[in-house]
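Q: Model the following, please.
(chains A and B)
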Amino acid sequence: MSLILDQVSYVYPGTTHGLTDVSLSIEPGELVAVIGQSGSGKSTLLKLVSGLSTGHTGSILLNNEDLATKPVHLRNIGVVFQSYALFPHLNVLENIAYGLKLRGVPADERRRRAHELLEVIDMTPFADRAVTQLSGGQQQRVALARALVINPAALLLDEPLAALDASIRGHLRDQIRQLQRRFNATTLLVTHDQEEALVMADRVAVLKEGRLLQLATPKILYEQPASRAVASFVGLSTILPAKVLATNRIDLGFATLAANTGSRSAGSAVFALIRPEHVQADPAEDTPNRLTGSLGTERYLGSFYRYDFNALGADTPILAESRTVAQNAIAIAPEHIRLLDH
Amino acid sequence: MIRGVALIYGIYLLLPIALLLVGSTGSSWTNSLLPDGITGQWYVDLWLDPSFRKAFVSSLIVAGGACVINTVLALPLACALHHHAGRSGSLAAKAVSSLPIAVPTITLGFGYIIVFNSDYLPWLGTLPLLIAAHAVNTLPYLTNALVTDLRHLRLDELERAAATLGASAWQQFWGIVLPNLRQSLISGLVMVAAISVGEFSLSNLLTSFQNRTYPVVLLQAFYGSTGFACAATVILLLLAGTAAFLSSVSLRKS
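A: A predicted model of the protein is given here:
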C-alpha cells in the first residue's frame, strides 16, 4: 500500500500558520521519517493522515484512495502514540485484540492472533498482566502490536520513543524497525530526534515552519543537504558564510580555501558546510586548506574527542571530531567542503 | 495543639450522634442529662409507623430517580465539558461545579414554587418534580467527579487510540470511556444518593403530604417523644452514612 501526500496544506484554526504544500510519497513497505523542531508541523501531518485532524487542502491518497472524506475509524491506519495510550481497563492481550474485536473477528481467532503478536514482540508471559504493571518500553511494544495486529494499510509512529529512557531507546528502535520490515508496513515516523530518523528511515523528510525542505535518503540528507536549514538540523556541522573568489576557490573572510564551486560565478555569496569528522587535526604544513589557530572547548567522548577550533581571525569556532585534538592547526580536504546557496 | 483541636472537633461532631444513639435506646428522657432504662421499643414503633415507612420508601425512590437522571445527564455533560475544555468550556465547568455551593437550595426551592404553582405547570407537590429538583441539586457533584476522572485518565488520548483501531464514536464511548469511568460514576452516584437522602430544605418546600421524604417526616417526630425522634434520626444517619462510606470506598479503589 502506498501513501501519497499531494500538496497538502493546512491552517491551524484561528492562526495563519500550519502546513504549506507538502508533497511526499511513501512506497509500499517503506519507512519515511518526518523530522523537524516542535512547531514545524510534523505532528499535524501525522494527524491529518490518521484523520484525527481534518480540514486540509490538497490530497492524501492511501492505496490511490483519497482519505479526505473518510473518518478516522474507517481508515485502517495503525497509530503508535508517544504516550502509549493503552487501555487501562484491559489486560495486555485484550489491548492487542481490541482492533480485531471491533472488526468482528471471533473470540478464538482474535486470541490466537493476539498471542501471535505477543510472541513477535517477545512478551508472551505478559498476556494476562495489567498494562499499568508494564515498563514504558513494554507498553510501547504492546502498543505497536496493537497497531500491527489489524494489518493496517499504513502505520504511523508519533514520537514513539520520546517518552522512554535513553538506555532502552536504542534497542526498541531496532525492534520497531525489524517489525516494520517483517510486516512490510508502509510507515510514517514523526520524530524530533534526527539520529532516530537517520537510523530507522529509508528516507527522511525535513520539515520547517510547515514546509518540506528536503526528502532524501539519510545518506544524501547528511552528505548533500539542500540548504543550511537541513544541514544544521541533520547531524553536527559548522556553517560559515563565504564568497566565491574564482573557480574552486572561496573566501571565508579570515582565510581562502580550495573547494568545489561547481558552476558558481566569482563573487556569488555561499555558505561553506564542514562536517566535524572531516576536520583533520594538526596536518603536515603543506596540506591544502590548512588553518592555524588554537584549541577551544574540548569534550572527551570515549572513542573520540569533539572540540572547537578557533581559526586565526575567525568569529565562529570550527567543530571537529577526531581521535586526537588539534593543538595549533587543522585542515579540511577540498572535496569535504560543501557549498550551499541558501 | 493540632491534636487538641482535632479532639475537641471530634467531640463536637460525635457527641450529638452519641446522644442520639443513647436517646434512641432510653425508655424515658425528660429534664435529665441521660435517659433512664434501656429499650428497643422506639425502633419497633418506628417500624410500625406507616408514615415513616412510606417516607423511607419515598426517599429511596427520590434518591434512585435522581441517580438515574444524573447518570443520563452527567455522562454526556462531563464528556462535552472535557472535550471542549477551552476557555468557554472551563468557565462552564466552573459554573456547573460551583452551582450547589453558590446557590442556596432554598433559592432553588422558591424558584420551583413560583414556576410550578401556576395554572400552566401545576406540578408542585408531585413526585417527578421532587426527583427533578433533587437531580438538579446533585448533578454538579456527579459531573465534577466524572470530569476529574476524565482529565486524570487522559481519556481523550484513549479515545483517539480507539478511533484509529476502528472504533466509532459510539464504540469509543461504550468500550473505552464508560468502563474507565465506572469507578467515578459509582462513587459519584453514591454521593448523589447520600446528599439526596439527607436533603431537607428543598424537599420540605416541594413535597406534598403524599410523598414526604424521610427528613421532612423526621421533623414532625421531634414534636412527639424524644426517644422516637432519636431512633428515626439514627436510621437516617445510618442510611446516609452507609452511602457516604460506599462512596469513599469506591473512590479509593479507582
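Q: Bridged to residue A:251, which residues?
A: Beta-bridge partners recorded for residue A:251 (DSSP bridges): residue A:243, residue A:256.
Q: give the contact list for it.
A: A:242, A:243, A:244, A:245 (Cβ atoms under 8 Å, 6 or more residues apart in numbering or on different chains). Just so you know, the C-beta spots here come from the backbone N, C-alpha and C atoms, and that holds for glycine as well.
Q: Compare those residues and tell me which is most surrounded.
A: residue A:242 (24 neighbours; other Cβ atoms under 10 Å in any protein chain shown).
Q: Assess the claim that that residue and residue A:270 are in contact.
A: Yes: with contact defined as Cβ atoms under 8 Å, residue A:242 counts as touching residue A:270 (5.3 Å).
Q: which neighbours do these two share?
A: Common neighbours of residue A:242 and residue A:270 (Cβ under 8 Å, 6+ apart) are A:250, A:339.
Q: Write out the residues of chain A neighbouring chain B.
A: Residues of chain A found near chain B (Cβ under 8 Å from any Cβ of the partner chain) are A:50-52, A:72-79, A:81, A:83, A:85-89, A:98-99, A:102-103, A:143, A:146-147, A:150.
Q: Out of the contacts of residue A:251, the closest to chain B would be?
A: Closest approach to chain B among the contacts of residue A:251 (Cβ to the nearest Cβ): residue A:242, at 48.2 Å.
Q: got a list of what the closest one touches?
A: A:250, A:251, A:252, A:253, A:269, A:270, A:271, A:272, A:339.
Q: will you turn the residues you listed into JSON lines that also has pLDDT?
A: Converted to JSON lines, those look like this (pLDDT from 0 to 100):
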{"residue": "A:250", "pLDDT": "95"}
{"residue": "A:251", "pLDDT": "94"}
{"residue": "A:252", "pLDDT": "94"}
{"residue": "A:253", "pLDDT": "92"}
{"residue": "A:269", "pLDDT": "94"}
{"residue": "A:270", "pLDDT": "95"}
{"residue": "A:271", "pLDDT": "96"}
{"residue": "A:272", "pLDDT": "95"}
{"residue": "A:339", "pLDDT": "95"}
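Q: quick check, nearest of those to residue B:63?
A: For those, the closest approach to residue B:63 (Cβ to Cβ) belongs to residue A:271, at 75.5 Å.
Q: averaged over its residues, what pLDDT does stretch A:127-146 have?
A: Mean pLDDT, stretch A:127-146: 94.
Q: All the strands of the stretch 1-150 of chain A, residue numbers only.
A: Here the stretch 1-150 of chain A has its strands, by DSSP state E, counting those that start in this stretch, at A:3-11, A:18-26, A:31-35, A:57-62, A:65-66, A:77-80.
Q: And the second one, what's buried?
A: Using 16 or more other Cβ atoms under 10 Å in any protein chain shown as the test for burial, strand A:18-26 gives A:18, A:19, A:20, A:22, A:24, A:26.
Q: any idea which helix is longest in chain A?
A: The residue-count maximum for a helix in chain A (DSSP state H) belongs to helix A:166-182.
Q: Just the ones in helices from the residues of chain A next to chain B, please.
A: Short answer: those in helices (DSSP H) are A:50, A:98, A:99, A:102, A:143, A:146, A:147.
Q: Now the residue of the stretch 101-250 of chain A found nearest chain B. Nearest residue, chain neighbours left out?
A: Residue of the stretch 101-250 of chain A nearest chain B, by Cβ to the nearest Cβ: residue A:102 (4.2 Å). The shortest distance from residue A:102 to any non-neighbouring residue, by Cβ to Cβ, 6 or more residues apart in numbering or on different chains, is to residue B:166 (4.2 Å).
Q: show me where pLDDT drops low in chain B?
A: Under the criterion pLDDT under 70, the flagged ranges of chain B are B:85-90, B:92-94, B:96-98, B:100-101, B:250-254.
Q: So which residues on it come close to chain A?
A: So chain B meets chain A at B:153-154, B:157-158, B:160-168, B:171, B:175-176, B:179-180, B:182 (Cβ under 8 Å from any Cβ).
Q: let's go with 10 Å and repeat that
A: Contact residues (Cβ under 10 Å from any Cβ of the partner chain) of chain B with chain A: B:153-169, B:171-172, B:175-176, B:178-183.
Q: Can you tell me the SS state at residue B:179?
A: Reduced to three states with DSSP: H, G, I helix; E, B strand; the rest coil, the structure at residue B:179 is helix.
Q: same deal with residue A:207?
A: strand.
Q: Now do it: how many residues are near it, please.
A: When neighbours are counted by other Cβ under 10 Å, residue A:207 registers 24.
Q: ok, now which ones touch it?
A: Contacts for residue A:207 (Cβ atoms under 10 Å, 6 or more residues apart in numbering or on different chains) come out as A:19, A:22, A:24, A:34-37, A:40-42, A:44-45, A:190, A:213-215, A:233.
Q: List buried residues within those residues.
A: For those, a neighbour count by 16+ other Cβ under 10 Å gives the buried set as A:19, A:22, A:24, A:34-36, A:40-42, A:44-45, A:190, A:213-215, A:233.
Q: Tell me which two in the residues you listed are the farthest apart.
A: Farthest apart among the buried ones among the contacts of residue A:207 by Cβ to Cβ are A:44 and A:214. That separation is 18.8 Å.
Q: returning to that earlier point: for the longest helix of chain A, C-alpha coordinates in PDB please.
A: Presented in PDB, the C-alpha positions along helix A:166-182 are these (Å, rounded to 0.1, in the frame of the first residue of the first chain):
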ATOM      1  CA  ALA A 166      17.900   6.500  26.500                       C
ATOM      2  CA  SER A 167      19.100   3.100  27.600                       C
ATOM      3  CA  ILE A 168      16.200   1.200  26.000                       C
ATOM      4  CA  ARG A 169      15.500   3.600  23.200                       C
ATOM      5  CA  GLY A 170      18.200   2.100  21.000                       C
ATOM      6  CA  HIS A 171      17.000  -1.400  21.500                       C
ATOM      7  CA  LEU A 172      13.400  -0.600  20.900                       C
ATOM      8  CA  ARG A 173      14.400   1.400  17.800                       C
ATOM      9  CA  ASP A 174      15.900  -1.700  16.200                       C
ATOM     10  CA  GLN A 175      12.900  -3.800  17.200                       C
ATOM     11  CA  ILE A 176      10.400  -1.400  15.700                       C
ATOM     12  CA  ARG A 177      12.400  -1.300  12.500                       C
ATOM     13  CA  GLN A 178      12.500  -5.200  12.400                       C
ATOM     14  CA  LEU A 179       8.800  -5.500  12.900                       C
ATOM     15  CA  GLN A 180       8.000  -2.800  10.400                       C
ATOM     16  CA  ARG A 181      10.100  -4.700   7.800                       C
ATOM     17  CA  ARG A 182       8.600  -8.000   8.800                       C
END
